[in-house]
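In: got a structure for you, letters missing:
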DNA sequence: CCTTAACGGGTGACGTGTCACCAATATTCC
DNA sequence: GGAATATTGGTGACACGTCACCCGTTAAGG
């Protein structure tokens, strides 16, 4: 990170981040990338599923329902439409999910866990939660976790205000 | 997000996150994904470069040097080795970077900004910084930015302790 | 020295995420 | 009731990130 701070004098002041801003912003970026990398690697190694798989599987399992519509899963994970479609296709072809015809709305599709999918998420959950704790939750004091939660809430609120886009 | 909290009763308590933990963890994940998506989209639309391009270009520009070795850039951005190689290849083929032979260490390579690369980062920097401010830095109170910086520092410290891996 | 290990960097394949675009069904509004 | 419109979901192409693995060079250790 140190090369990033060298020779700032040349550029317009207002175009650059203050030291505090830079620490917070680059810290956030690198923390998230490193966490993602570590968790992803270990989840694949131990359970043969990816973080994206985990997000979909746990959404379905936590719903406590037999099946969910695609757009319901989408609302839960907050992904782009096509990202979820592709993800479901991959997981279906690997036997983790099943697509089921929807008669109430014939445009739609029901998504359900297969037995294999349920087994996968049940096998993965405890270890993954433990790793999230070890890498993150147990490292950060509870008061700071509260603050982080409130930070993300206000940031996400701000992002939704410019909801001009096509399908976010 | 609400489907995630339904019907938690069935699963082992210790395997699940508390409410505070869940708000912090899922908040972090979604905030980072949404920020990345928005910033990426706007950078591509306005400047035709990606966030990864931006990271490499700004590292080189901020260094204030004519060229950097690949492993120096890598230390700055904290990426996997091959990720940076691929990124440099793509950017070189698009004319943003140049690979230059290294005589001091004939295994190595110098990476330098081309004129086009310098123009790209200079064009992108102010707008990108402004968007980071608008989406994130200005939304979060300064005291919370400090806390966030300290959070990421301790988390990253923790991650580096289990540096057993091959090439992280 | 000369062997062995470590370093610096790269390749190809594959899974992931986004974009532009499409198909089909539901809904709205006259 | 029929045309415009929104909703639900999907496809194919392409850029990105990781893994397994490779090559050439430098440094270490006998």
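Out: Nice, thanks for sending it over. Because the structure is a prediction, the values reported are computed rather than measured.
In: host element of residue A:99?
Out: Residue A:99 belongs to strand A:97-101 when assigned by DSSP states H and E.
In: going on from the helix ranked longest in chain A, what's the next piece of helix or strand?
Out: Counting residues, the longest helix found in chain A (DSSP state H) is helix A:19-47. Scanning forward in sequence from helix A:19-47 by DSSP H and E, the next helix or strand is helix A:51-63.
In: Go through that next one and flag the buried ones.
Out: Of the residues in helix A:51-63, A:52-63 count as buried by neighbour count, 16 or more other Cβ atoms under 10 Å in any protein chain shown. For every residue, glycine as well, the C-beta is placed using N, CA and C.
In: returning to that earlier point: does anything pack onto the strand holding residue A:99? Which helices or strands?
Out: Under the contact definition 3 or more Cβ pairs under 8 Å, 6 or more residues apart in numbering or on different chains; DSSP states H and E, strand A:97-101 sits against helix A:81-93, strand A:109-113.
In: So which of those is the most surrounded?
Out: strand A:109-113 (a mean of 19; mean count of other Cβ atoms under 10 Å in any protein chain shown).
In: and the angle from it to helix A:51-63?
Out: Orientation of strand A:109-113 against helix A:51-63 (axes from the mean of the first three to the mean of the last three Cα atoms, to 10 degrees) gives an angle of 90 degrees.
In: contact partners of strand A:109-113?
Out: By Cβ atoms under 8 Å, 6 or more residues apart in numbering or on different chains, the residues outside strand A:109-113 that reach it are A:57, A:60-61, A:66-70, A:73, A:88, A:96-102, A:121.
In: filter those to the buried ones?
Out: By 16+ other Cβ under 10 Å, the contacts of strand A:109-113 give A:57, A:60-61, A:67-68, A:70, A:73, A:88, A:96-98, A:121 as buried.
In: thinking again about what came up before, what helices or strands is the longest helix of chain A leaning on?
Out: helix A:51-63, helix A:115-132, helix B:19-47, helix B:142-161.
In: How about it and DNA strand D, touching?
Out: Yes. Using Cβ under 7 Å from any atom of the strand, helix A:19-47 reaches DNA strand D at A:33, A:36-37, A:40-41, A:44.
In: One more: stretch A:108-124?
Out: Yes. Stretch A:108-124 lies within reach of DNA strand D by Cβ under 7 Å from any atom of the strand, at A:108-109.
In: what's the first-to-last distance across that stretch?
Out: 29 Å (Cα to Cα, to the nearest Å).
In: okay, and for chain A, where does confidence drop off?
Out: A:1-15, A:162-168 (pLDDT under 70).
In: interface residues of it facing DNA strand D?
Out: So chain A meets DNA strand D at A:33, A:36-37, A:40-41, A:44, A:69-71, A:74, A:81-82, A:85-86, A:88-89, A:99, A:102, A:105, A:107-109 (Cβ under 7 Å from any atom of the strand).
In: Kindly recompute the last result at 6 Å.
Out: A:37, A:41, A:69-71, A:81-82, A:85-86, A:88-89, A:99, A:107-109 (Cβ under 6 Å from any atom of the strand).
In: restrict those residues to those near DNA strand C?
Out: Okay, of those touching DNA strand C (Cβ under 6 Å from any atom of the strand), that's A:82, A:86, A:107.
In: ok, so of the residues you listed, who is nearest residue A:138?
Out: residue A:86 (34.0 Å; Cβ to Cβ).
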